[in-house]
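Engineer: Predicted coordinates and the sequence they were generated for:
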Amino acid sequence: MSEPDRTLSYGPLPEHVVDVRLPFVEDIAGPAALVVVVHGGFWKAEWDRAHAAPQSAGLAAAGHVVATVEYRRVRMAGGGWPGTLDDLALLTDTVPALVAAAMPGRVDEARTVLVGHSAGGHLATWAASRHQLPPSSPWHRIEPLPVGVVSLAGVLDLALAAALRLGGGATQALLGGEPDERPERFAAADPARLLPTGVPTVLVHGTRDDEVPLEVSRSYAAAAGTAGQQVVLHELAGIDHMALVDPTSPAWPSVLAAVDEALRPHP
């Protein structure tokens, strides 16, 4: 497993950092696509970007420039609502250009994909949905982010996640209450309510996932279809939650294929 080639700051706080890994492959000609990795851990403070290091190294070994981002989390100063979303908005707006400037000639900024696992899948997909927020929202974008999205067992339907009490009520901890107590927060933070995005989106989910059940990705894909957007969902038989971020697992080729799929031009 490689150490980062560089660690950069994308904002003023200690958590506003991004680890950059360059491709291992020496014969890559020209700039490489940028993969922004958003780690999971049910938005909890005890899970940081360190646990995404093997995943990030595996993506770099596949020929991508990899930017593994950190952000404030629940039970950290400023984390949860709204700080976690503040950080995701800031980093997704700034990290691609930041990494490209720090690594001249190595990054094809026009080919960027956000890859999020578990709660990171929620955050990546939410970030790519911000143009669907009302203009009064502090996170609103006029145009969609110029990215693709890969959600690996993502928590993409927050109302369903809250009902299932995933992560011991992690969604409620993020947003400060139940859906009927914080309806405005759920409306602003739930990717399933911010459709269609028009952003190429690929979902990967294992059928043996006991942490985030497959029905969560199925629910998001169904909501997208109802909204007029085709979202690709790859269901991996016999795969559990953590296999999707393990480069030695049988799921890894499907993860790499999903990244390539999200990077391809879409009509």
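Structural biologist: Right, received. Where do you want to start? Remember, it's a predicted structure, so these values are computed and weren't measured experimentally. Numbering: from 1, shown residues only.
Engineer: longest strand in this structure, by residue count?
Structural biologist: strand 107-117 (DSSP state E).
Engineer: CA atoms only: put that strand into CSV for me.
Structural biologist: Provided in CSV are the C-alpha atoms of strand 107-117 (Å, rounded to 0.1, in the frame of the first residue of the first chain):
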residue,chain,number,x,y,z
VAL,A,107,-4.4,15.4,-14.2
ASP,A,108,-7.1,15.4,-16.8
GLU,A,109,-9.5,17.6,-14.8
ALA,A,110,-12.2,17.2,-17.5
ARG,A,111,-12.3,13.5,-16.6
THR,A,112,-13.3,13.4,-12.9
VAL,A,113,-15.3,10.9,-11.0
LEU,A,114,-16.5,11.0,-7.4
VAL,A,115,-16.2,7.6,-5.7
GLY,A,116,-18.0,7.2,-2.4
HIS,A,117,-18.4,4.2,-0.2
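Engineer: List the neighbouring strands of that strand plus their orientation.
Structural biologist: In the sheet, strand 107-117 lines up against strand 32-38 (parallel), strand 148-152 (parallel) (DSSP bridges).
Engineer: just so I know, which of the ones you listed lies nearest Thr248?
Structural biologist: Among these, the nearest to Thr248 by C-beta to C-beta is strand 148-152 (15.5 Å). Just so you know, the C-beta spots here come from the backbone N, C-alpha and C atoms, and that holds for glycine as well.
Engineer: for the next helix-or-strand element following that closest one, packing partners?
Structural biologist: Downstream of strand 148-152, the first helix or strand assigned by DSSP states H and E is helix 158-164. Judged by 3 or more C-beta pairs under 8 Å, 6 or more residues apart in numbering; DSSP states H and E, the packing partners of helix 158-164 are helix 170-175, helix 183-189, helix 214-227.
Engineer: which of these is buried the deepest?
Structural biologist: Highest mean neighbour count among those (mean count of other C-beta atoms under 10 Å): helix 170-175, with a mean of 23.
Engineer: Nice, that's everything, thank you.
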